[in-house]
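Enquirer: Predicted model follows, preceded by the sequence.
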Amino acid sequence: MTLQDVITAMERLYSIVHRTPLKRSKTIDRLTGKTVYLKMENAQKTGSFKIRGATNKIFSLTDREASQGVVAASAGNHAQGVALSGTMRGLSAKIYMPVSAPKAKVQATESYGAKVVLIGETYQEAYNAALSANGTFVHAFDDPHVIAGQGTVAFEMLQQCPELDTIIVPVGGGGLLAGTAVAVKETHPEIKLIGVQAEGAQATYKRFYGAPDERLPFVQSIADGLLVKETGRLTFPIIERYVDQMITVSDRDIACAILLMLEREKMLVEGAGASALAALLAKPHLIGGNKIGVMITGGNVDASRIPQFLDLAQSPKSSSLMI
């Protein structure tokens with residue numbers, strides 16, 4: 001995965017995905033004491049940055065690979081990205097999703113033209129099923145074309161605000177952080193890059209700080225998009241090489257960030273989408289720099305979960321989704 005791969009992805013995606021806003025918030029500036037820029041990928045097609053990596057991968061397939069159709073495993077946002085980009089290229093898409101996947105994400109995936117197969121209680125079970133299916137597999141994060149596609153978010157941010165001195169990125173499997181790392185550090189090595197994981201899904205955080213490379217026995221968080229049990233084979237070496245710092249946030253931190261975005265910015269974002277902001281709000285003392293870019297990565301959340309977020313924000317204890 002090279003800088004040229006991200007540049008090629010920018011050229012490929014230019015007329016396909018949205019160039020999302022880089023939004024300012026006086027409220028967040030006041031709360032953090034910093035100048036904050038929010039990259040609103042919740043306003044992206046399918047409501048998430050995931051469409052970038054999926055589209056870059058699918059539009060890079062050879063005719064022979066494309067003729068087999070595409071297969072993927074996902075708990076939600078990657079599924080929608082693969083479904084829509086597959087439809088745009090005229091391919092059949094089959095997505096394996098765990099039975100615990102949010103209904104809204106399942107329905108959206110089907111509406112974009114994919115066939116959904118609900119199987120297993122966890123993402124891992126859905127992933128294993130997808131690997132044995134017929135078709136060209138599109139990995140959610142551990143693929144060079146997917147990583148390069150996700151890196152285009154950072155390129156856009158730097159075009160919109162070249163003065164950024166710190167960028168904060170949520171981390172599940174690490175595709176977005178790895179792509180961002182190449183895009184940022186190969187062009188602006190002075191910019192500090194911070195990854196954020198949920199306290200209940202710390203695989204990358206732990207390995208980054210020297211823990212053995214082990215698969216977590218379970219993961220839990222309201223940020224379902226971050227529920228990954230092990231580091232990526234391709235993504236982690238890039239993260240290890242380029243990323244400056246990793247931070248973890250609690251479900252309470254994430255819930256508070258979701259509610260702040262809803263109450264002050266009038267936007268409903270999902271748990272994974274709010275986690276980078278949660279780190280800045282909850283732990284500003286750990287984040288250096290003044291002009292801070294924060295990736296708001298997705299907005300696909302069931303509004304019926306708002307009472308849960310309210311309960312979490314008001315309590316030091318957190319109940320969360322476990323897989």
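Expert: In hand now; what should we look at? Residues are numbered from 1 along each chain as shown.
Enquirer: Help me confirm that E230 comes into contact with R215.
Expert: Yes - contact criterion CB atoms under 8 Å: E230 and R215 qualify, at 4.3 Å. Where C-beta positions appear, they are placed from N, C-alpha and C, glycine not excepted.
Enquirer: list residues touching both of those two?
Expert: Counting by CB atoms under 8 Å, 6 or more residues apart in numbering, the common neighbours of E230 and R215 are A203.
Enquirer: who has more neighbours, those two?
Expert: E230 (16 against 10; other CB atoms under 10 Å).
Enquirer: Now do that one against S250, distance only.
Expert: E230 sits 21 Å away from S250, going by CB to CB, to the nearest Å.
Enquirer: For S100, report the pLDDT, please.
Expert: For S100, the pLDDT comes out at 80.
Enquirer: Kindly confirm my reading that I292 forms part of a helix.
Expert: No - judged by DSSP: H, G, I helix; E, B strand; the rest coil, I292 forms no part of a helix; its state is strand.
Enquirer: What residue in this protein is the furthest from its centre?
Expert: The C-alpha centroid of the chain is most remote from R64, which lies 29.4 Å away (CA atoms, centre = their mean).
Enquirer: List the buried residues for the helix or strand hosting it?
Expert: For R64, the element it lies in under DSSP states H and E is helix 63-67. Using 16 or more other CB atoms under 10 Å as the test for burial, helix 63-67 gives A66.
Enquirer: Report the backbone C-alpha coordinates of that helix in PDB.
Expert: The C-alpha trace of helix 63-67 is given here as PDB (Å, rounded to 0.1, in the frame of the first residue of the first chain):
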ATOM      1  CA  ASP A  63     -13.700  -8.300 -15.700                       C
ATOM      2  CA  ARG A  64     -13.100 -11.900 -14.800                       C
ATOM      3  CA  GLU A  65     -13.200 -11.100 -11.100                       C
ATOM      4  CA  ALA A  66     -16.300  -9.000 -11.500                       C
ATOM      5  CA  SER A  67     -18.100 -11.700 -13.500                       C
END
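Enquirer: Show me the contact partners of that helix.
Expert: Here helix 63-67 has contacts from 58, 89, 91, 136, using CB under 8 Å, 6+ apart.
Enquirer: Stretch 150-162 now?
Expert: Residues outside stretch 150-162 that contact it (CB under 8 Å, 6+ apart) are 5-7, 9-10, 13, 17, 19-20, 22, 37, 39, 41, 49-50, 52-53, 56, 141, 164, 167, 175-176, 178-180, 182-184, 187-188, 291, 293, 295.
Enquirer: hmm, try it at 6 Å
Expert: Contact with stretch 150-162 is made by 6, 9-10, 13, 19, 22, 37, 39, 49, 52-53, 175-176, 179-180, 182-184, 293, as judged by CB atoms under 6 Å, 6 or more residues apart in numbering.
Enquirer: Would you mind writing the ChimeraX command to select the buried ones in those?
Expert: Selection of buried members from the contacts of stretch 150-162 for ChimeraX, criterion 16+ other CB under 10 Å:
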select :6,9,10,13,22,37,39,49,52,53,175,176,179,180,182,183,184,293
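Enquirer: Out of the contacts of stretch 150-162, name the ones that lie in strands.
Expert: 22, 37, 39, 293 (DSSP state E).
Enquirer: Cross-check the contact I'm expecting between the second one and L22.
Expert: Yes - under the contact definition of CB atoms under 6 Å, Y37 touches L22, with a separation of 5.1 Å.
Enquirer: Low-confidence regions, this structure specifically.
Expert: The model of the chain has pLDDT under 70 over residues 316-323.
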